[in-house]
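[1] sequence and predicted structure are below.
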Amino acid sequence: MTAPRSHGLPSPTICAVIVIAMLAMIVIPAAITLHSVYSPAALVPTSQNPTPYGYTWSLLLFIVPVVAIAVWLLPSEELKIPKRAFGWTIAILVPLGCLLDVVFAQWFFDYPNTGATLGILAPALGKPVPVEECVFYATGFLAILLLYIWLGEFWLAAYNEPDYPGEAKKMRRLLQFHPTSLMLGVALIGATWFYKKHFALPEDQAGFPGYFTVLIVGGLLPAVFFFPVAKRFINWRALSLTLFFILLVSLMWEATLAVPYNWWNFQHRQMIGLFIGAWSRLPIEEVFVWMAATYATAIVFEVVKVVLASGRPVRDALLGRSGSRDLRLLLRLRDREPSWLLV
């Protein structure tokens with residue numbers, strides 16, 4: 001009888017490629033199938049308020065997993081989560097998610113079905129937004145991070161870095177430029193702009209794909225500065241399962257509820273102009289929004305955790321001791337410069 005083959009774990013780069021390949025296995029056939037729908041059926045509401053408080057109740061799609069993991073799954077296995085890293089990650093990401101509404105909602109989104117919400121408005125630039133939006137982003141990032149932590153610490157714990165503190169202390173500096181992420185972001189933004197101007201329907205060619213640009217910047221910016229270090233600490237199997245779970249929830253939310261019942265909708269001037277007819281003309285951007293959020297969350301969490309595990313000041317951990325000394329020296333020299341040199 002042939003013995004089972006044994007081999008070492010693939011490198012972090014190979015793990016990242018495998019996650020992309022797994023996504024492609026689903027995205028490509030799904031895209032071909034959805035594209036075959038040439039005459040999508042239209043939803044016809046049977047009342048003026050077909051989903052009373054629907055958006056409000058739908059927040060349970062994030063709240064229930066958050067409560068289940070935090071109150072049941074983590075305590076039942078006596079798992080200790082890195083509370084400081086968890087807290088700092090949430091403190092960084094939740095305000096950024098809310099910023100999407102506070103700053104950009106006036107250009108990206110509409111909320112025509114007021115009956116689907118409590119009717120309480122949160123302040124934002126240009127026009128207020130339903131308070132459910134703030135809960136949506138807060139619970140979304142909580143669900144992503146708690147699921148990633150639980151999978152990494154229990155369900156897929158064998159694929160964690162075994163000596164996390166030791167490896168964290170070996171990192172000379174965390175801030176390392178990753179040109180591939182930058183080039184990928186620029187290429188994607190350029191490609192979507194080209195599509196909008198040359199292949200979108202004439203009524204959708206005006207404007208700029210601003211929503212997609214914000215998603216790409218938010219999703220890839222952590223990778224641009226931290227991927228070379230973060231990739232070795234990310235539990236890629238936990239990330240892939242988190243990604244598929246969040247993608248399933250978000251698409252079910254958007255394609256079957258939010259867009260068909262007008263809980264929220266999109267301003268076409270800021271969209272790419274590529275819509276999924278079978279899903280009530282859902283913009284293609286919505287397929288990527290929580291994928292980008294999940295990827296960014298994992299990188300930010302691992303970077304924060306490495307900083308804390310290294311036992312060094314934040315500046316030294318990010319820039320390295322020599323880089324931190326150079327920065328301090330530069331600041332001292334600036335403070336000592338005669339004022340006429342600064343003119």
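    Cool, the structure landed. Numbering: from 1, shown residues only.
[2] every contact and neighbour count from this point should use C-alpha atoms.
    Fine.
[3] any stretches of the stretch 201-343 of the chain with poor pLDDT?
    Filtered on pLDDT under 70, the stretch 201-343 of the chain yields the residue ranges 322-343.
[4] change it to 90
    251, 309-343 (pLDDT under 90).
[5] strands along the protein, start to end?
    Assigned by DSSP state E, the chain shows strands spanning 109-110, 121-122, 129-130, 265-266, 275-276, 282-283.
[6] quickly run through the sheet partners of the fourth one, with directions.
    Pointing back at strand 265-266 there. With DSSP bridges as the test, strand 265-266 is paired with strand 109-110 (antiparallel).
[7] what does the partner strand rub up against?
    For strand 109-110, contacts defined as Cα atoms under 8 Å, 6 or more residues apart in numbering pick out Trp264, Asn265, Phe266, Gln267.
[8] I figured the second one hits Tyr111, correct?
    To tie it back to what came earlier, the one meant is Asn265. Yes - assessed by Cα atoms under 8 Å, Asn265 is found in contact with Tyr111 at 6.2 Å.
[9] ok, the two, which is more surrounded?
    Set Asn265 next to Tyr111 and count neighbours by other Cα atoms under 10 Å: Asn265 wins out with 20 against 16.
[10] look up how far Leu243 lies from Leu182.
    Using Cα to Cα, to the nearest Å, Leu182 is found at 22 Å from Leu243.
[11] same thing with Ala206?
    Ala206 sits 33 Å away from Leu243, going by Cα to Cα.
[12] compare neighbour counts for these two and give me the winner.
    Just comparing Ala206 and Leu243: by other Cα under 10 Å the higher neighbour count belongs to Leu243, 22 against 17.
[13] and the more buried one, how close does it get to Tyr148?
    For Leu243, the distance to Tyr148 (Cα to Cα) stands at 9 Å.
[14] likewise Pro228?
    Pro228 is 20 Å from Tyr148, by Cα to Cα.
[15] of those two, who's got more company?
    Higher neighbour count among Pro228 and Tyr148: Tyr148, with 27 against 16, using other Cα under 10 Å.
[16] quick one: Arg232 and Pro12 touch, right?
    Yes - at 5.4 Å, Arg232 counts as touching Pro12 under the criterion of Cα under 8 Å.
[17] low-confidence ranges, the stretch 51-200 of the chain, go.
    Residues of the stretch 51-200 of the chain that meet the criterion pLDDT under 90 lie in 72-83, 96-101, 153-174.
[18] can you show me the helices along it?
    54-58, 60-67, 74-76, 83-108, 132-150, 164-170, 179-198 (DSSP state H, counting those that start in this stretch).
[19] highest average neighbour count across those?
    helix 132-150 (a mean of 23; mean count of other Cα atoms under 10 Å).
[20] for that one, packing partners?
    Contact here means 3 or more Cα pairs under 8 Å, 6 or more residues apart in numbering; DSSP states H and E; on that basis helix 132-150 packs against helix 60-67, helix 83-108, helix 236-253, helix 285-310.
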